[in-house]
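> just a sequence and a predicted model for now, questions to come.
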Amino acid sequence: MLEKIAKFSPMKNLHNKTGITLIEIIIVFAIIGILAAFGIPEISRFSANYRVRSSATELLQNMRIARAMAIKENRKYLIVFDLENQRYLIGFDGDDVNGDGIPEGDGNLTTLDSDTFGICKDLDNDRLPEGDVHINGIPECVRVVNLVKYGKNIIFGYKTGIAPEQGPKKTAIPLNGVNFKGSPPSAEFEPDGSMDKLGSVYFQHTGKGISYCVRISNSSGNINMWKWDGDKDHPESITWKEIR
């Protein structure tokens, strides 16, 4: 009888119940803390690298598109860099500066009314904008890429953040990040596929110091992308790796 009472005793059942102890809770929170300490910074770095690389990749792709359009349409295309507004414009420079009916261009894509990307709405298929509407001072047929779409920390050059000592092939790096000639600076793609100008464009994530470079290295139109081996924690690095 006593054995039966002991078997069903509330005190015995209480001792047999399982649960989470304070020590186990402390261990769980310690593991979470360790994962947060090592995982969150890596996630942040991955995100920063992805965004700045994406901005450089898009420029590389747009340069190749502009070159292909120049060959296809047998006319010069431009990529104009608006450094003040942290954006660049892509299009055919169709302005007739001399008034002689020949679109010799003015080296810009924000003036007059004959600048276009070529692939736009036009009624007579002449690849020129019909009654182009200006949006924020730019003809609507000109393609515009704003760096801010990749995040407020993505910029041209090194006016803020970490600046590498030199660029790929030991080239000099301008603070504004663009060393194409012109005012405004621009890359020019000729109808035969050649380049009128050589130069580089540097992108940086100001928070992490991650940097990429898109470079036109020869007059035949060879376009490459490079990544700096350094960052804000390793500013002494002078090496770049060609990745595309």
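Arrived safely, thanks for sending. Residues are numbered from 1 along each chain as shown.
> hey, let's count contacts and neighbours off CA atoms from now on
Fine.
> where's residue 207, which helix or strand?
In this assignment (DSSP states H and E), residue 207 forms part of neither any helix nor any strand.
> from residue 45, how far out is it?
Remark: distance between residue 207 and residue 45 (CA to CA, to the nearest Å) = 10 Å.
> do the same with residue 185
31 Å.
> who's more crowded, those two?
residue 185 (19 against 14; other CA atoms under 10 Å).
> isn't that one up against residue 179?
Yes. Between residue 185 and residue 179 there is a contact at 7.5 Å, judged by CA atoms under 8 Å.
> and the helices in the protein?
Here the chain has its helices, by DSSP state H, at 2-7, 10-16, 22-73.
> looking only at pLDDT, what's the mean for the second one?
For helix 10-16, the mean per-residue pLDDT is 49.
> now the longest one
Within the predicted structure, the mean pLDDT of helix 22-73 is 83.
> now do stretch 192-211
Stretch 192-211 comes out at a mean pLDDT of 93.
> pull the CA atoms of it into CSV?
Provided in CSV are the C-alpha atoms of stretch 192-211 (Å, rounded to 0.1, in the frame of the first residue of the first chain):
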residue,chain,number,x,y,z
ASP,A,192,33.0,51.2,-85.7
GLY,A,193,33.0,49.9,-82.1
SER,A,194,36.1,51.8,-81.1
MET,A,195,36.5,54.2,-78.2
ASP,A,196,37.3,57.9,-78.6
LYS,A,197,38.3,58.1,-75.0
LEU,A,198,39.9,55.7,-72.5
GLY,A,199,39.2,55.9,-68.8
SER,A,200,37.9,54.4,-65.6
VAL,A,201,35.0,54.8,-63.2
TYR,A,202,35.3,53.9,-59.5
PHE,A,203,32.4,53.0,-57.2
GLN,A,204,32.7,52.8,-53.4
HIS,A,205,30.6,51.8,-50.4
THR,A,206,31.5,54.6,-48.0
GLY,A,207,30.7,52.6,-44.9
LYS,A,208,32.7,49.5,-45.7
GLY,A,209,35.3,50.9,-48.0
ILE,A,210,34.6,48.2,-50.6
SER,A,211,35.5,49.5,-54.1
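> alright, that wraps it up for me.
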